[in-house]
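**Student:** 3D, please:
(one chain, ligands or ions: 1)
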Amino acid sequence: MKIHDTPGFPNPARIRIVLGEKGIESQIEFVKVDLYNAEHQKAPFLAKNPTGTVPVLELDDGTFIAECIAITHYLDELDGNPILTGRTAREKAEIQMMQKRADDQLIDGIGVFFHHATPGLGDVNKQHKDADWALRKEWGEKHAQKAIKGMAYFNEVLKSRPFVAGDSFSVADITVFCALIHGDYAGLNVPAEHAALTEWRARVAERPSVKNRSGQELLPEDLPHLTPLLEYLNSKA
Ligand SMILES: N[C@@H](CCC(=O)N[C@@H](CS)C(=O)NCC(=O)O)C(=O)O
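**Tutor:** As a prediction, the model looks like this:
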């Protein structure tokens, strides 16, 4: 199997953590996608994933699977022991519900904010974003407000349970954790009063699958592309 992704990015991190939890990373060959030069918007990549995002899983029979939740289901089911997506009907339903909330209320909104209201991935990618570029900042800010509400929601959830969907670590935790990484890249930090979310984040960060995951660092050759973003983040600090 191959995974087309870009090291250092939050959605790819979701799948790198899944691989760690399942202990199957040695079965994967990684193929780097050059997001900075908009390789994901060109025909060869769009043929793999028409939505133009990473990660994408390529099976040995040539099938391409995009969307982290779909990739996670596939990888989690391979050994017949779906620890991340639920084993019983009730577990599956609860995990799926919280996973959907994590996508809608956190990581997707943070992504819109990142690409529209910050320098994001730079000029090369702007042409592929919202056509009404004049309103991009307002659009991004609206999504940031939604994500801030999402952080408050997950903080409340984690006051009464150890993990996002209940007693066990699941794909919903992975999505919330990587959303907060995405927030760091966008300058949207967890408010200090959200103690439960902060404590949970520190606990999850210590899991071997999270702490030792591959592809954590941005590659040195990619850093120059991020200069405008880093300047923006420094100006907010
Ligand atoms: N819903 C998608 C989101 C994937 C996504 O947004 N990936 C980012 C990298 S973290 C990306 O490819 N961004 C490129 C772009 O938006 O131009 C998933 O679950 O896989």
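
**Student:** what does the longest helix seen in the chain rub up against?
**Tutor:** In the chain, assigned by DSSP state H, the helix with the most residues is helix 136-157. Helix 136-157 is contacted from outside by 98, 101-102, 104-106, 108-110, 112-118, 129-130, 132, 164, 176, 179-180, 183, 186, 188, 190-191, 194-197, using C-beta atoms under 8 Å, 6 or more residues apart in numbering. For every residue, glycine as well, the C-beta is placed using N, CA and C.

**Student:** That helix vs the ligand: in contact?
**Tutor:** No. When contact is scored as C-beta under 6 Å from any ligand atom, no part of helix 136-157 falls within range of the ligand; the minimum is 12.7 Å.

**Student:** buried ones in the lowest-mean-pLDDT helix or strand in the chain?
**Tutor:** For the chain, counting by mean pLDDT, DSSP states H and E, helix 123-126 ranks last in confidence among helices and strands (a mean of 77). Across helix 123-126, burial judged by 16 or more other C-beta atoms under 10 Å covers 125, 126.

**Student:** got the domain boundaries for this protein?
**Tutor:** Residue ranges of the domains in the chain are recorded as 2-77, 89-236, according to automatic domain parsing.

**Student:** which of the ones you listed has the lowest average pLDDT?
**Tutor:** For these, the bottom mean pLDDT is recorded on domain 89-236, which sits at a mean of 94.

**Student:** Could you work out the end-to-end span of that one for me?
**Tutor:** Its first and final residues considered, domain 89-236 spans 45 Å by C-alpha to C-alpha, to the nearest Å.

**Student:** tell me which element residue 17 falls in.
**Tutor:** Element membership for residue 17 (DSSP states H and E) is helix 10-22.

**Student:** Not counting its own residues, what contacts that helix?
**Tutor:** Residues from elsewhere that reach helix 10-22 (C-beta under 8 Å, 6+ apart): 3, 5-6, 25, 28, 53-55, 57, 68, 71-72, 75-76, 78-79, 83-84, 107, 169, 171, 174-175, 177-179, 181-182, 185, 207-210, 212-216.

**Student:** which of those residues are buried?
**Tutor:** Among these, those scoring as buried are 3, 5-6, 25, 28, 53-55, 57, 68, 71-72, 75-76, 84, 107, 169, 171, 174-175, 177-179, 181-182, 185, 207, 209-210, 213, 215 (criterion: 16+ other C-beta under 10 Å).

**Student:** Return the residues of the protein in contact with the ligand.
**Tutor:** Within the chain, the positions adjacent to the ligand are 9, 10, 11, 35, 40, 53, 54, 67, 68, 111, 115, 125 by C-beta under 6 Å from any ligand atom.

**Student:** Now with 8 Å, please.
**Tutor:** Residues of the chain lying near the ligand by C-beta under 8 Å from any ligand atom: 5-6, 9-14, 33, 35, 38, 40-41, 51-55, 66-71, 103, 107-108, 111, 115, 121, 125, 128-129, 182.
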